[in-house]
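A.B. asks: Show me the folded form of this:
(one chain, ligands or ions: 1)
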Amino acid sequence: MDNVEWSEEQEASARNKVQENSRQLVPQDKQDEYELNANEYWNDFYKIHENGFFKDRHWLFTEFPELAPNQNLSQPEASAYKDGSTRKPINTGLGSCENGLCSLETRTQEHHQLDSMKDGNNIINRLDADGEAILKLGDLKLSDGDFPGSSATYRILEVGCGAGNTVFPILQTNNDPGLFVYCCDFSSTAVDLVQTNAEYDSSRCFAFVHDLCKDQSPYPMPEESLDIVILIFVLSALLPEKMQRVMNRLSRLLKPGGMILLRDYGRYDLAQLRFKKGRCLSDNFYVRGDGTRVYFFTQDELDALFTTAGLEKVQNLVDRRLQVNRGKQVTMHRVWIQCKYRKPFPTGHKENGHIH
Ligand SMILES: C[S@@+](CC[C@H](N)C(=O)[O-])C[C@H]1O[C@@H](n2cnc3c(N)ncnc32)[C@H](O)[C@@H]1O
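C.D. replies: Numbering: from 1, shown residues only. Here you go, the predicted structure:
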């Protein structure tokens, strides 16, 4: 069931559950260890789950048509929503990772494993599907005029891309010849999975290891060069104190008129209510059994993060769904938040004859 309203009692019961499971916090030394080794916990996650699955992402282009703006994405079953968006009925989870468990579908694609080889003095780690060398960020000499994707006309960056469950559908669906897709993750295991995927094409895509929370961790593109930045269930994985700096830096990468698209966990989502006592790190921030962490947002918190980074609201909606597992006879309340925030044009700028 889509966009179900919550009753007062439901809201109160959720609040009680959260109060109860937040009562006992994880000790600080353990918290520091989760932060210090965060990428290792995610490496372990991807070593276990690999990409032997392809998560169900049929909602991607109905929710975010900006990812393939020139394609005719006919959606006969799409229904209009109050906020003007359209979406197809969703009868499964959104394929996000919860408590280390993901809704999985068997992946049919072959996985390329091409081992290191030497080319003169350059170490080329791998070749992509077309036999092109896959370069690492550290191998590049970056200058403003010449960077991966510098000749593209539409640049998308996905941060925290995981195994590429968003990147590959974009590359398949968006056939704009001017498209270039960047993607990064601080898990080198995840980035390896992307780079060794049979669909990885270095003429259209650049995957790199990057820690969003490290100011000195470089991006391969200059500021004001991106049309779209995507964050799908990623901001929630960061230490809350570090979220604003991350957002500020991502905002600087956007062209004026460019947008950040986000989908993430909302306050009182089933995944939050299911946490047992002793897993809470701080208000609404928890650690799963596998050492990965997750925050549950309100719309206002996200609005503050985006607007403080100088962006303007295009959309900020809460998507509540009732999932029914008929086999187990249980109903589950999911709460996700979806946001689109745009970087304004400088005042006095003229676009299509309109002065901003
Ligand atoms: C819940 S997963 C979502 C993955 C992917 N966006 C998806 O929807 O399938 C969160 C991702 O964020 C990445 N991540 C967490 N903290 C990060 C950081 N500081 N820098 C870069 N990536 C990070 C993790 O490695 C993981 O791949």
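
A.B. asks: Below-threshold pLDDT in the stretch 101-250 of the chain: ranges please.
C.D. replies: 101-135, 139-144 (pLDDT under 70).

A.B. asks: Centroid-nearest residue for this protein?
C.D. replies: Centroid-nearest residue in the chain, with C-alpha atoms, centre = their mean: Ile232, separated by 2.4 Å.

A.B. asks: Run through the residues that contact that residue.
C.D. replies: When contacts are counted by C-beta atoms under 8 Å, 6 or more residues apart in numbering, Ile232 touches 96, 158, 160, 166, 262-264. Glycine gets a C-beta too; all of them are placed from N, C-alpha and C.

A.B. asks: Next, give me the two most distant ones among the residues you listed.
C.D. replies: Ser96 and Glu158 (14.7 Å; C-beta to C-beta).

A.B. asks: Could you check which of the two has the larger neighbour count?
C.D. replies: The residue with more neighbours, out of Ser96 and Glu158, is Glu158; 26 against 21, by other C-beta atoms under 10 Å.

A.B. asks: Output the contacting helices and strands for the helix or strand containing the more buried one.
C.D. replies: Assigned by DSSP states H and E, Glu158 belongs to strand 154-159. For strand 154-159, the packing partners by 3 or more C-beta pairs under 8 Å, 6 or more residues apart in numbering; DSSP states H and E come out as helix 167-173, strand 179-185, strand 226-232.

A.B. asks: With distance to the ligand as added columns, please give those in TSV.
C.D. replies: Below are the helices and strands packed on strand 154-159 laid out as TSV (distance: least, C-beta to the nearest ligand atom, whole Å):
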stretch	distance to the ligand
helix 167-173	9
strand 179-185	5
strand 226-232	4
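
A.B. asks: thinking again about what came up before, for the contacts of Ile232, which one is nearest the ligand?
C.D. replies: Using C-beta to the nearest ligand atom, Gly160 comes nearest to the ligand of the contacts of Ile232, at 3.1 Å.

A.B. asks: what's around the closest one, how many residues?
C.D. replies: Other residues lying near Gly160 total 23 when counted by other C-beta under 10 Å.

A.B. asks: now the strands for the stretch 251-356 of the chain?
C.D. replies: In the stretch 251-356 of the chain, the strands defined using DSSP state E, counting those that start in this stretch lie at 254-265, 280-282, 285-287, 293-295, 312-325, 330-342, 350-351, 354-355.

A.B. asks: So which bits of this structure are right by the ligand?
C.D. replies: Residues of the chain lying near the ligand by C-beta under 6 Å from any ligand atom: 38, 42, 97, 160-162, 165, 185-187, 190, 210-213, 232-234, 237-238.

A.B. asks: Which ChimeraX command selects the buried ones in these?
C.D. replies: To isolate the buried members of these in ChimeraX, using 16 or more other C-beta atoms under 10 Å:
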select :38,42,97,160,161,162,165,185,186,187,190,210,212,213,232,233,234,237,238
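
A.B. asks: Restricted to helices, list the residues of the chain next to the ligand.
C.D. replies: 38, 42, 190 (DSSP state H).

A.B. asks: Correct me if wrong: Asp215 contacts Arg249.
C.D. replies: Yes. Using C-beta atoms under 8 Å, Asp215 makes contact with Arg249 at a distance of 7.4 Å.

A.B. asks: Between those two, which is the more surrounded one?
C.D. replies: Neighbour count, other C-beta under 10 Å: between Asp215 and Arg249, Arg249 has more, with 16 against 11.

A.B. asks: so which helix or strand takes in that one?
C.D. replies: helix 243-253.
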